[in-house]
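In: okay, predicted coordinates and the sequence, questions at the end:
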Amino acid sequence: MNAQTFNDLIDQINQTAGDVQRERGTLFEKLVLAYLKHEPTYKALYQNVWLLSDVPDNYGISKKDTGVDLVAEQKNGDLVAIQAKFYTHKVSKDSINSFVAELGKSYYHHGLIISTVDEWNSNARETIEQNEKGIEIIGLSDLRNSQIDWSQFNFERPEKVTIKKPKQLRGYQQTAKENALNHFKKHDRGQLIMAPGTGKTFTSLKIAEALAKEQSTPFKVLYLVPSIQLLTQTLRGWNNDTELTMTSMAVTSDRDASRGADGNEDIKAADIGYPATTSSQKILQNWRDLEKGQSTDMVVIFSTYQSIDVIGEAQKHGLPEFDFIISDEAHRTTGAHESNKEASIFAKVHSNNNVQGRKRMYQTATPKIFGESAKKNAKEKSILLASMDDESKYGAVFFRMGFGQAVSHDILTDYKVMVLAVDEAAIQKDMQRTLADPENGLNIDDVGRIVGIWNGMMRRNGYKNPVKNSPYDGAPLERAIAFTRTIEESKKVSSQFEEVVNEYISEAVEDQSIHLSMRHADGQMNALKKGEILDWLANPNKPSDEARIVSNVRFLTEGIDIPTLDAVIFLSPKKSQVDIVQAVGRIMRKAGGKDYGYIILPIVIPTGETPQTILDNNKNYETVWQVINALRSVDERFEAMIDKLNMAKPKQLKVIGIGSAPDRANDQDNTIENIPVQTELEFEWDKFEGAIFGKIVQKVGDRKYLENWSQDVAKIAERQINWIKNKLSDKKDPISLEFKKFVSSLQHNINESIDENQAAEMLSQHLITKPIFEALFEKYSFVNQNPVSQAMESIVLELEKNGFTKEQENLEPLYESVRMRAEGIEKAEDKQKIIVTLYDKFFRTAFKSTTERLGIVFTPIEVVDFIVHSVDDVLKKHFGKSLASKDVHILDPFTGTGTFIVRTLTYLKEQMDAGKISLVDITRKFTQELHANEIVLLSYYIAAINIEATFDEINGDEEGYVPFEGIVLTDTFESTETEDTLDDDYFETNDERLKRQQEVPITAIIGNPPYSKGQSNENDNNKNIEYPQLFKSIADTYVKQSKTTSVLGMYDSYVLSIR
């Protein structure tokens, strides 16, 4: 493979040259020459690259070997002095002095050093960074990860170089590109949301290229990033994969402003390995050089956000407006500032007053949106807020690929969370030598977390690969990145890691078959050192019995791409959700044989306390809540998992108790099957697991996901209603005639007040909610068997022919989230909880006027059960019968979501289980003697499904699905006004059900009437309905005998239902 063959080339230089340093240098210069001439980034930058001895005489460059080994000529004519340094020891100031002196010659514009070592002493680094002309550095990691196929390179024919093929768009990336092109034809701003690892940077390149092809002049792009490290990766990535001629510029700001976002340490500009400027004048000069005749399709300025003022200044003096501004990691550009003060450096991208651009694209994996309370508070205090749901700033999302979606499409590897709960008592017993050592600086929490890491990497008592006969089944993890709070903590853990592990397993495991190595890295290291550590971690040719971990502080999040990474380990809380998401994104890259990425959270459990007390009082567990909350913010599946934690054990989250090391006698290998269960501990692990799950729901189970969707649904419903209105305006349109028949059927079945607008709303409700019910109750053929649903489907089919359902495609992510919530939940009672949540959090907002007009309120189950039991007692005491008795007909005239009928069936099942009645009694009751009416289509659907699912659970799967024929879509009040008949094209079966209900003697009415006192505003078009016979009855009784001056309240729905 590439990395190994490149290392072979370095070994070959050493073997060929022996101890002759000059010979080593000559061979390395050949390799560097090939790299600079053919690596896409430098091929686009240089028009010529020579060994010093081959520089044409007309350039007037001295051929003396005084530190310069190669010379490159940029396309604008600038000459670059290059030193190729093949060293094995640390680079000192003395070793670069002659090169720096030679660089001072007038014909050199700036310098470049390519080195085989990443260790530079502080004086050498200071000399590089403070040189007036500018010196860039390229390290072995850059060469090793080149686009050049080093396996084809030969020192005898160094001019023959093979370049890897540029990447090609995958299907979903092609869709993103097409969406972008269509979007930017009409809009100036838009959002690209893609999970880490799905190719956001590459996709943005292809979008820019497609836009560039639409114009004849060079397409000008500004690509903004939060760090120099990300700038470097993006600059090289775009140059590697572009299919156009592209001219690149790199712009950074002063050293302090170039710290990464959130104050993290960033690499220095010298480490870009590419000429970078901090000067607006230099940017202008580069642009003018291009205008003089250098041919290019696209000009891209790669810049940090901190340099945006430099860009703006250049535009004031002649740099033209950009055709396209890409705001990468766009969540950084959100935030607030006072209206009379300047925006933050990241928020300046939004305004053409700061940087001029025709179109802007905001891209991120983690969009940041402020809640309504934050927006309201900002408005009251005259604070300007940038939130990514503000389309005036960010535009609409034209493409979204979330974590869950990427996993389901096999783009990313799925992940699992391991909470490794390490028993403090076991650590105190087994780790006495380490804990007693005053020199190592480790406390019991440090030792416990290291033990947790070892167990997690071994996957001891952990996850087993579900793929049958997989060679990776139960194998230890091989590569991980650990995140710590401070550099001191990271150094301490990494330096003591092996010693702690050795003591932990020494008494139990005679021959450790897998050796764990840990190295430290932090943001203060130079880019060469960081690159070397990453290469060590990623090396595909590491020893097979070695697992590698990098413990780091603030540098391994954005932009790190190691597909073979198995795990991320969080040893302490992280303040930034975005950092957590970026870290998790590192383990979700696809790699051969990799079935999952693992998130390892080692925590230490103190002795002598209850699980609830431990979790309430200990800040060490903040890591768990923070990680899960971050996952929940970007992964719709995790949100669904949290919703049902109390109903089903999650597949993605496991709490694992860790005690003493495995038994030596039984530890034959490291597969899960052969790792024994730990010795029994006093700690109750099952209770702790339950407490963890409960605390997760409490800590992070309040996200307003469904409320957010309800706003989108309300908009789509409004569009569908308007679509029908437009069709109805043409009296000759066949749809207009068909719809009138539909409205007439509704008026007959419900009441005369149903108008075309309400009929259209009911159709929209049916269309939008049908997939939700199908997802929740997939094995019940409700949609096909319910008469109202059938009627709705028949009119929808007519409307579909003309594009009625087109808007609904935007709701597919909502339907997928409901399917995920329902997955694995078998009990009807648990599904009914989801239904109540949907109604309360979703339908109530999405179809607000319907619920307000009809006074929809849900009665608590405890109250319902009390009423059901009371009715049974009254029947027994005063009628000599019971709810289960034959010919006792029960009606819920305002059934809502069917709770009263459902709980009646549940109560009857309890009677059956106690041997008091039989299944025959319940079946008779369900099929003949239970009756329910509902006026709201949504409630009717939910009630029918809830009642049918409850009976199905009582009846047993082998008996098959039985529809509930006792439910009617009708207005109970209106149904008592008239008894006329009508040939009904749509709701004939529903009408027949109502007639049957009216013919039987109702013994008991159970329910909770709706409360609706009428509209508060004449303009809200939400008036209550009048019922002449019922109103006359009220007037002749309650009103006539009342002494109050205001009788309006006597006509509200609650009083009507009692009368």
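Out: Nice, thanks for sending it over.

In: what helix or strand is residue 112 on?
Out: Per DSSP states H and E, residue 112 falls inside strand 110-115.

In: after that strand, next one along is what?
Out: Next along from strand 110-115, by DSSP H and E: helix 122-129.

In: that following helix vs strand 110-115, what angle?
Out: Comparing the axes of helix 122-129 and strand 110-115 via axes from the mean of the first three to the mean of the last three CA atoms, to 10 degrees yields an angle of 140 degrees.

In: just the CA trace of helix 122-129, in PDB.
Out: What follows is helix 122-129 as a C-alpha-only set of coordinates in PDB (Å, rounded to 0.1, in the frame of the first residue of the first chain):
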ATOM      1  CA  SER A 122      12.700  26.300  19.200                       C
ATOM      2  CA  ASN A 123      15.400  28.400  17.600                       C
ATOM      3  CA  ALA A 124      15.000  26.800  14.200                       C
ATOM      4  CA  ARG A 125      11.200  27.200  14.300                       C
ATOM      5  CA  GLU A 126      11.500  30.800  15.400                       C
ATOM      6  CA  THR A 127      13.900  31.500  12.500                       C
ATOM      7  CA  ILE A 128      11.500  30.000  10.000                       C
ATOM      8  CA  GLU A 129       8.400  31.700  11.400                       C
END
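
In: give me the mean pLDDT for it.
Out: For helix 122-129, mean pLDDT is 89.

In: now the element after it, going C-ward?
Out: Criterion used, DSSP H and E; the element after helix 122-129 is strand 135-138.

In: tell me who's in contact with the closest residue to residue 802 other than its chain neighbours.
Out: Leaving aside its sequence neighbours, residue 802 sits nearest to residue 735 (CB to CB, 6 or more residues apart in numbering; 6.4 Å). Bear in mind the C-beta positions are built from the backbone N, C-alpha and C, glycine included. Contacts for residue 735 (CB atoms under 8 Å, 6 or more residues apart in numbering) come out as 727-728, 798-799, 802.

In: same question for whichever strand or helix holds residue 735: list its buried residues.
Out: Under the criterion of DSSP H and E, residue 735 resides in helix 734-749. Across helix 734-749, burial judged by 16 or more other CB atoms under 10 Å covers 735, 738-739, 742-749.

In: bridged to residue 249, which residues?
Out: On the basis of DSSP bridges, residue 249 is bridged to residue 301.

In: count of residues packed around the closest residue to residue 477 other than its chain neighbours?
Out: Excluding the flanking residues, the one nearest residue 477 by CB to CB, 6+ apart is residue 566, at 4.0 Å. The number of residues packed near residue 566 is 25, by other CB atoms under 10 Å.

In: I'd guessed residue 566 sits against residue 598; true?
Out: Yes - contact criterion CB atoms under 8 Å: residue 566 and residue 598 qualify, at 6.2 Å.

In: what sits against residue 602?
Out: Contact analysis of residue 602 by CB under 8 Å, 6+ apart lists 420, 422, 448-453, 456, 569, 571.

In: now with 6 Å, please.
Out: Applying CB atoms under 6 Å, 6 or more residues apart in numbering to residue 602 gives the contacts 420, 449, 452-453.

In: let me know the closest of the residues you listed to residue 403.
Out: residue 420 (22.6 Å; CB to CB).

In: isn't there a strand covering that closest one?
Out: Yes - counting by DSSP: H, G, I helix; E, B strand; the rest coil, residue 420 is found in a strand.
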